[in-house]
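Asker: everything below, folded, please.
(one chain, ligands or ions: 2)
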Amino acid sequence: MNCTVEVRPSPPVVGSIRPPGSKSLTNRALICAAFAVGKSPAVLHGALRSEDTEVMVAALRQVGWDIDVSGDGTEITVGGRRGDPNASTKVDGPAELFIANSGTTIRFLTAALSAAGGDYRLSGVPRMHQRPIGDLTDAIASVIDGRIVTESDGGCPPVCMEGRGWNGHQLKVRGSVSSQYLSGLMMAGPIAASGQPTVIEVSGELVSRPYVDMTAKVMADFGAVVHLKDSQAESGASTLKVVIEPVAYQPVEYDIEPDASAASYFWAAAAITGGKVTVQGLSPDALQGDVGLVDVLAQMGCVVEKSDGQMTVQGVPPGQRLTGIDVDMNAISDTVQTLAVVALFADGPTRVRGVAHNRFKETDRIGDLACELRKLGATVDEHDDGMTIHPLDESQVRRNQDAPPIRLATYHDHRMAMSLALVGLRISGVQIENPACTAKTYPNYFADLEALIGQSHVWRNDSDD
Ligand SMILES: O=C(O)C1=C[C@@H](OP(=O)(O)O)[C@@H](O)[C@H](O)C1
Ligand SMILES: C=C(OP(=O)(O)O)C(=O)O
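Answerer: Ligands and ions are numbered 1, 2, ... in the order given. Just a heads-up that it's a prediction; the model follows:
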């Protein structure tokens, strides 16, 4: 079966939407809730139900946690852990945890479980076994009372560990490939029962910084005590040290913001059609750095309205073009694919910098993204740290409706599907392969898009061909 979705050219998209809960906040809250010490359960409100959160819930349940998920998936009650952590799966070996392709789940769980102790093997889909985790396991190896190893080349999962928790409390970790290693270690701090503060130093560059601030905030909301200490090295480079006091997580009631990366697609729909879309539930001071995409769209000429509880993007009137820009997206790298689609309809090239780490995500989000944009006729220059997208000219935008369809591949990458589908709002005949891959973070994406832009603009082809 070769299913595709085609979004059809639309008049200016005007409307309002509340995306589902944040993946990053849901998976952080699940870790803090699971390791909370107290009699009452922790309760998460507004949580995301998707593949990435389901693998987290399933893994925690598998190793003993009592977790109740409401029918619609938005309320999660996390009770205590029962019995021997390895009892449900252990015969002679480790508990085998399948993590699919969820970077947050494998990085956060590896760190947390290593601090708690036990015998585990964490594996995933083939792409997961190409996504590096060695910087994290090296850091853990320096403190674990036991052993931790990776099984694939280049320090990639499966991860195998056996131990009795951490017997050290000072760690160093590299942050240039992913911030998730540091976030994982931070969340493990209150779990490691060393009775001393855990001190984590980041060596070298740290990418995706807003996610580290998010981690500190969620930990604090669950009762942990975290200090982030930024300083300037003599070379001028900034360095970060994190100190986590030996204070346990508390079971709390926790509200989760809508997902800001998911919101990016709806703002982009307004930007490229000259429409106006309000995303509800997000404010300029949201915990998710990805709300910063609205400022990038403002640089391109969109009008942005921010208030407490909603953020609106209005595109330029039909007939006018957005402005091509030069932008560092290191802090908001999950929105690069969204911006790349917007850049196709600008008046000049857009240079995206600072996202070399995008090559290690669900797919190579520089090379594979460039490849798909070129199928539309765009000129795209690849750089080590990003790309330059040259806009389409009018004849490429106004394709003849009878021209053969352009099929865009999605590489099992939810963000490839969600962003590239938006091209269809302006260009006819653009078909998106394997749209079901949005299930990783947004199973209802196409239904929600359809509700926003109107049913007649989304066409599904479920036939064999
Ligand atoms: O900590 C998090 O929740 C995330 C951090 C980012 O990863 P990197 O730090 O690898 O850029 C981001 O891409 C991912 O979707 C979620
Ligand atoms: C990179 C992503 O996810 P993860 O690293 O958590 O798999 C993403 O959701 O875009």
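Asker: where is the longest strand in this structure?
Answerer: Of all the segments assigned as strand in the chain under DSSP state E, the longest by residue count is strand 156-166.
Asker: and the next element down the chain from that strand?
Answerer: Stepping forward along the backbone from strand 156-166, the first helix or strand reached (DSSP states H and E) is strand 170-175.
Asker: other SSEs contacting the least confident helix or strand in the chain by mean pLDDT?
Answerer: The helix or strand of the chain with the lowest confidence, counting by mean pLDDT, DSSP states H and E, is strand 458-461 at a mean of 89. Taking 3 or more Cβ pairs under 8 Å, 6 or more residues apart in numbering; DSSP states H and E as the contact definition, the neighbouring helices and strands of strand 458-461 are strand 4-7, helix 445-453. In this view, the C-beta of every residue, glycine as well, is placed from N, C-alpha and C.
Asker: of these, which is nearest residue 402?
Answerer: Nearest to residue 402 among these is strand 4-7; the distance by Cβ to Cβ comes to 14.5 Å.
Asker: and that closest one, which strands flank it?
Answerer: Based on DSSP bridges, the strands next to strand 4-7 in the sheet, each with its direction, are strand 430-433 (antiparallel), strand 458-461 (antiparallel).
Asker: tell me how far the first one lies from the chain's centre.
Answerer: Counting by Cα atoms, centre = their mean, to the nearest Å, strand 430-433 is centred 23 Å from the centre of its parent chain.
Asker: do me a favour and average the pLDDT over that strand.
Answerer: When pLDDT is averaged along strand 430-433, the result is 98.
Asker: now the closest residue to residue 173 other than its chain neighbours: how far from ligand 2?
Answerer: Taking Cβ to Cβ, 6 or more residues apart in numbering, and ignoring the residues beside it in sequence, residue 173 has residue 139 as its nearest neighbour in space, at 4.1 Å. According to Cβ to the nearest ligand atom, to the nearest Å, residue 139 and ligand 2 sit 18 Å apart.
Asker: repeat for residue 283
Answerer: From residue 283 to ligand 2 the distance is 22 Å (Cβ to the nearest ligand atom).
Asker: again with residue 344
Answerer: With distances defined as Cβ to the nearest ligand atom, the gap from residue 344 to ligand 2 amounts to 20 Å.
Asker: so which bits of this structure are right by ligand 1?
Answerer: Applying Cβ under 6 Å from any ligand atom, we find that the chain lies next to ligand 1 at 24, 104, 178-180, 183, 207-208, 211, 333-334, 357.
Asker: try 5 Å
Answerer: Taking Cβ under 5 Å from any ligand atom as the test, the list of the chain residues beside ligand 1 reads 24, 104, 178-180, 183, 208, 211, 334.
Asker: contacts with ligand 2 among those residues, please.
Answerer: The subset of those within reach of ligand 2, counting by Cβ under 5 Å from any ligand atom, consists of 104, 334.
Asker: got CSV for the residues of the chain next to ligand 1, with pLDDT and secondary structure too?
Answerer: Shown next, in CSV, are the residues of the chain next to ligand 1 (pLDDT from 0 to 100; DSSP: H, G, I helix; E, B strand; the rest coil):
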residue, pLDDT, secondary structure
24, 98, helix
104, 98, helix
178, 98, coil
179, 98, coil
180, 98, helix
183, 98, helix
208, 98, coil
211, 98, helix
334, 98, helix
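Asker: pick out the most distant pair among the residues of the chain next to ligand 1.
Answerer: In terms of Cβ to Cβ, the residues of the chain next to ligand 1 reach their longest pairwise distance at 183 and 334, which sit 14.4 Å apart.
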